[in-house]
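*Asks:* Sequence and predicted structure are below.
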Amino acid sequence: MFFLEEERIMIRHKKLGYVVLNVTNLDNSVDFYENIVGLQVVELKNTIAFLRCSSDHHNLILEQAGEAGLKRVAYELEKEDQFQGVFDYLTEKGLNPIELSAEETQSLAQGRTLRFKDPHMGVTYEYYVDMKQMDSPFVPKKAKITRFLHVVYETNKYEEMLDFFTNTLNFRVSDTSSDNKESSWAWLRAFPSPYHHDMAITKGAENKLNHLAYQAERVDDIGIQVNKLKNANVPILFGPGRHRPSSSVFLYFADPDRITLEYSQGMEEFPEEGARQPRELEPTPETIDEWGGTPEPDFGKFGKLITD
């Protein structure tokens with residue numbers, strides 16, 4: 001895979017900021033994400049809820065809808081003075097970005113914001129600069145989470161999406177795994193984000209959300225969450241286990257709309273300069289879980305992409 005240097009430096013990401021999920025029962029989902037996942041409710045506006053797991057105004061937006069699914073993925077740009085250059089760059093790439101009105105950005109507690117759709121799966125992405133910072137610190141629940149960590153897709157446009165993320169949006173490949181037939185994975189970081197993956201894609205029969213992940217502070221928090229889920233009768237879909245690519249300990253479970261969520265702890269981090277080369281990992285069960293576990297049938301099964 002080849003890159004043009006001028007394109008590589010065009011988009012510099014500060015972090016994966018938030019996602020918007022459509023949910024079928026807002027009250028139930030707010031209760032779940034607050035009391036089971038461990039986020040904090042910031043604001044409720046009729047059919048919309050803003051929640052956070054950091055000092056940001058929000059790291060998750062829930063919207064009441066008739067059908068559950070992923071509506072939008074948002075990244076914060078590294079610096080405000082990048083915004084116009086990124087807007088012009090995406091326009092040149094034929095992605096037809098639109099800038100949100102001042103009224104809409106104010107309602108989101110964000111600075112300048114643009115949106116566009118990827119040309120292969122139709123997912124809406126957002127680049128924004130600045131977000132309202134809350135005066136009071138985020139206080140984790142008993143099982144402590146420290147950030148919104150990553151988004152993972154299943155896609156029948158695997159090669160196209162890998163090219164789009166790396167050659168258009170300036171993501172870097174951390175690792176891949178493929179048997180050159182049905183099984184392929186790519187773990188990507190939104191440069192210069194240090195985390196092994198802010199985004200990952202796996203080859204599949206359809207385009208859908210596979211899961212969303214939150215970073216747990218300690219391995220103990222994974223264990224605490226296991227018992228918390230059992231006591232609340234929340235389905236555990238996979239784990240605890242350890243992923244070989246990122247070296248992280250994981251735990252997957254289902255939200256009220258059966259979307260798969262993950263607690264992840266101990267993910268590998270990369271320096272901006274001098275990072276190791278991507279590895280091609282053998283596609284074995286141990287690559288996905290070094291502890292020998294296997295996912296439940298509902299793992300990653302429910303995750304409609306809202307592309308309207």
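*Replies:* Structure received.

*Asks:* can you map out the helices along the stretch 51-200 of the chain?
*Replies:* Taking DSSP state H, counting those that start in this stretch as the test, the helices found in the stretch 51-200 of the chain are 83-92, 102-107, 158-167.

*Asks:* out of these, nearest to Trp187?
*Replies:* For Trp187, the closest of the helices of the stretch 51-200 of the chain is helix 158-167, at 10.8 Å, according to Cβ to Cβ. Quick note: C-beta positions are derived from backbone N, CA and C, even for glycine.

*Asks:* what's the closest one packed up against?
*Replies:* strand 171-178, strand 184-190, strand 199-203 (3 or more Cβ pairs under 8 Å, 6 or more residues apart in numbering; DSSP states H and E).

*Asks:* Go through those strands and name the closest to Gln133.
*Replies:* Among these, if distance is taken as Cβ to Cβ, the winner is strand 184-190, at 20.7 Å.

*Asks:* for that closest one, packing partners?
*Replies:* strand 13-23, helix 158-167, strand 171-178, strand 199-203.

*Asks:* what angle sits between the second one and strand 184-190?
*Replies:* Following axes from the mean of the first three to the mean of the last three Cα atoms, to 10 degrees, one obtains 20 degrees for the angle between helix 158-167 and strand 184-190.

*Asks:* Work out the gap between helix 158-167 and the centre of the chain.
*Replies:* Helix 158-167 sits 16 Å away from the centroid of its parent chain (Cα atoms, centre = their mean, to the nearest Å).

*Asks:* what residues does that helix touch?
*Replies:* 1-3, 7, 118-121, 153, 155, 171-173, 184, 186, 188, 199, 201-203 (Cβ atoms under 8 Å, 6 or more residues apart in numbering).

*Asks:* are any of those residues buried, and which?
*Replies:* 118, 120-121, 153, 155, 171-173, 184, 186, 188, 199, 201-203 (16 or more other Cβ atoms under 10 Å).

*Asks:* Give me the domain ranges for the protein.
*Replies:* 13-128, 145-288 (the TED database).

*Asks:* Make TSV from these and add mean pLDDT to it.
*Replies:* Shown next, in TSV, are these (pLDDT from 0 to 100):
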stretch	mean pLDDT
domain 13-128	97
domain 145-288	96
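
*Asks:* Could I get those domains in a markdown table, plus columns for distance to Phe299?
*Replies:* Putting the domains of the chain into a markdown table (distance: least, Cβ to Cβ, whole Å) gives the following:
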| stretch | distance to Phe299 |
| --- | --- |
| domain 13-128 | 16 |
| domain 145-288 | 4 |
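
*Asks:* Of those domains, which is nearest Phe138?
*Replies:* Using Cβ to Cβ, the domains of the chain put domain 13-128 closest to Phe138, at 5.5 Å.

*Asks:* before we move on, back to that, return the most buried member of the helices of the stretch 51-200 of the chain.
*Replies:* Of all the helices of the stretch 51-200 of the chain, helix 158-167 carries the top mean neighbour count, a mean of 18, counting by mean count of other Cβ atoms under 10 Å.

*Asks:* pull the CA atoms of that helix into PDB?
*Replies:* Output of helix 158-167 as PDB, limited to C-alpha atoms (Å, rounded to 0.1, in the frame of the first residue of the first chain):
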ATOM      1  CA  TYR A 158     -13.000  -4.800   2.800                       C
ATOM      2  CA  GLU A 159     -10.400  -3.900   0.300                       C
ATOM      3  CA  GLU A 160     -12.200  -0.600  -0.700                       C
ATOM      4  CA  MET A 161     -12.600   0.400   2.900                       C
ATOM      5  CA  LEU A 162      -9.000  -0.400   3.800                       C
ATOM      6  CA  ASP A 163      -7.900   1.800   0.900                       C
ATOM      7  CA  PHE A 164     -10.300   4.600   1.900                       C
ATOM      8  CA  PHE A 165      -9.200   4.700   5.500                       C
ATOM      9  CA  THR A 166      -5.500   4.600   4.700                       C
ATOM     10  CA  ASN A 167      -5.100   6.500   1.500                       C
END
